[in-house]
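**Q** Predicted model and sequence below, questions to follow.
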Amino acid sequence: MVRLEHANLVVNDIEPTLAFLKAAFPHWQVRASGPSIWYGKPRKWLHFGDDYTYITLNDNGDGVPRDLAGHAPGLAHLGFIVTNIDRLIERLKRHGYTPSVGLDTVAHRRNVYFIDPAGLEFEFVEYLSDDPAERNVSEEC
């Protein structure tokens with residue numbers, strides 16, 4: 001079995017992205033944090049997640065994030081499965097976040113995209129079927 005354990009993200013400032021993640025994942029918590037040196041540059045790092053999955057945030061970013069409308073290589077977005085997308089959207093809106101791409105419903109899933117204050121895009125998907133053949137039908141990525 002192979003399962004994604006974590007994603008490691010570099011931002012200019014941890015707090016704005018952490019605030020977004022706390023709104024999106026209220027059951028997650030800060031697992032660990034501390035200072036380190038990354039190739040000669042000091043940074044703070046933080047693990048935010050649950051017992052099985054987490055996101056690492058590092059504050060040693062230098063520059064602007066990849067243009068999500070462009071064609072440069074790099075991370076386009078991170079996608080997460082949710083059980084109730086309407087509740088997630090409502091919760092994020094209450095915290096001041098607006099979808100970057102509104103709620104879309106196709107065949108057997110509903111999805112929405114949000115961009116956090118650091119310019120990172122997150123997709124949230126609610127599947128309407130347990131059948132992998134139905135869940136994995138895709139017109140585009």
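**A** Looks like it came in fine. This one's a predicted model, so the numbers in the text were calculated from it and none came from an experiment.

**Q** use CA for all of it now, contacts and neighbours both
**A** Will do.

**Q** domain assignment for this protein?
**A** Listed by automatic domain parsing, the domain ranges of the chain are 1-62, 76-141.

**Q** quick one: contacts for residue 37?
**A** Going by Cα atoms under 8 Å, 6 or more residues apart in numbering, residue 37 touches residue 43.

**Q** which element is it on?
**A** Take DSSP states H and E as the rule and residue 37 turns out to sit in strand 29-38.

**Q** List the pairing partners of whichever helix or strand comes after that strand within its sheet, with orientation.
**A** The C-terminal neighbour of strand 29-38 among helices and strands, as given by DSSP H and E, is strand 41-49. Strand 41-49 has its sheet partners listed here by DSSP bridges as strand 29-38 (antiparallel), strand 54-58 (antiparallel).

**Q** Single out the most deeply packed of those strands.
**A** The highest average neighbour count among those, using mean count of other Cα atoms under 10 Å, belongs to strand 54-58 at a mean of 21.

**Q** Beyond it, next helix or strand please.
**A** strand 78-81.

**Q** Which residues does that next one contact?
**A** 121, 122, 123, 124, 125, 126, 127.

**Q** wouldn't the last one be in contact with residue 135 here?
**A** Yes - contact between residue 127 and residue 135 holds when scored by Cα atoms under 8 Å: they sit 6.5 Å apart.

**Q** Overlap of the contact sets of these two?
**A** Shared contacts of residue 127 and residue 135 (Cα under 8 Å, 6+ apart): 108, 109.

**Q** okay, the two: which has more neighbours?
**A** residue 127 (23 against 16; other Cα atoms under 10 Å).

**Q** who's in contact with the closest residue in space to that one that isn't next to it in sequence?
**A** Nearest residue to residue 127 in three dimensions, chain neighbours excluded: residue 109, at 4.3 Å (Cα to Cα, 6 or more residues apart in numbering). With contact set as Cα under 8 Å, 6+ apart, residue 109 has these partners: 125, 126, 127, 128, 129, 135.
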